[in-house]
Every structure is written in structure tokens, then in C-alpha cells.
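Novice: sequence below, structure please.
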Amino acid sequence: MLLTPHILFALYLTKIFPIWFALPMAFISHMIFDFFFPHWNPHIFTEIKKFGKIQRNSLTIIIIDCLTSLGFVFFFSSKVYPNISAISVLFAAAFFSILPDIIEIPYYFFNHRSKLMKKIMDFQHNHQADANIVWGNLSQWGLASLCLYYLLK
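Specialist: Residues are numbered from 1 along each chain as shown. Below you'll find the model as predicted:
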């Protein structure tokens, strides 16, 4: 799943739950959405196996997704400024919601292929609720839109 829906859902969690519940749920929600929610994202695991590197189109999508996600975190942080505590909670929720993907960075971008990393990558790769590009994007952008609606309400 792209980062943006994960992060928007985590930000929504901070709006409706106390921090002690929202932060762990932000992390847990990542696995729930990746494993059970049909979605599409660039198949960089397959690209690395097939081509030895991430393809340019996939890298472009990843960069746009990262910037979009970060933009939303900054936008909602500006809504609670100057409350540094609330801003910290938003950034922590965003971080925890994408931590499983952050763990993958050494594998994909720094060629770290230890046995442990390979096990993590195989597990992540084999436990995705993949959908085709149309339905997979519609589902996750629908989720993102719903989260945005409730965040802005």
C-alpha cells in the first residue's frame, strides 16, 4: 500500500483515540491494511529480482507518495501549531504507520541482503492484498479520501 493512506489513517487515529492507543494502532493498522485491504503499489520487490534495481516509474511514484505524505503531516501539524506536543504525536503516528516500510529501505536502496532482511522481505511480499492498478488505487485513495474527510471535519 502507498504511504499516504497509511499516514492519513494514523493521523485520523490520533484525532479519535488517546495517544497510548493511537500510536500502537498506527503501527498495527499498517499490517492490517497491507494484509487484508486490496491495494496496488509499485512492485519493487519483483523489479529488483527481475532487473536488479527499482525502475524509474516506480521510483517516481515512491517520491511523489513520500512528498504527498509529508505534506499532509505538515499540513495537519500546522493546524495544531504551536502545540509541540500535538505536533510530535502527529509525526510519531505517521512514523509508526509506515515503520514496516521504513524497515525495507536498507534492502531496496542500500543493497542490504542479510538473511534476516530477506526473511522480512519475503514475509512482507507474500502477505500483501494485491489488486490490479485500477481497483488497487481506487480502494486506497478511497480510504485516503475518507480519512481526509474526517480529519478536516
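Novice: hmm, Ser69 and Ile7 touching each other?
Specialist: Yes: with contact taken as CB atoms under 8 Å, Ile7 and Ser69 are classed as touching, separated by 4.6 Å. To be clear about C-beta, it is placed using only N, CA and C from the backbone, and glycine gets the same treatment.
Novice: between the two, which contacts overlap?
Specialist: Counting by CB atoms under 8 Å, 6 or more residues apart in numbering, the contacts common to Ile7 and Ser69 are Ala94, Ile98.
Novice: show the average pLDDT along stretch 52-69.
Specialist: Per-residue pLDDT values across stretch 52-69 average out to 94.
Novice: compare Ile7 and Ser69 (neighbour count), which wins?
Specialist: Neighbours of Ile7 and Ser69, each counted by other CB atoms under 10 Å, are more numerous for Ile7; the result is 29 against 22.
Novice: show me the contacts for that one.
Specialist: Shown in contact with Ile7 (CB under 8 Å, 6+ apart): Ser69, Phe72, Val73, Ala93, Ala94, Ser97, Ile98.
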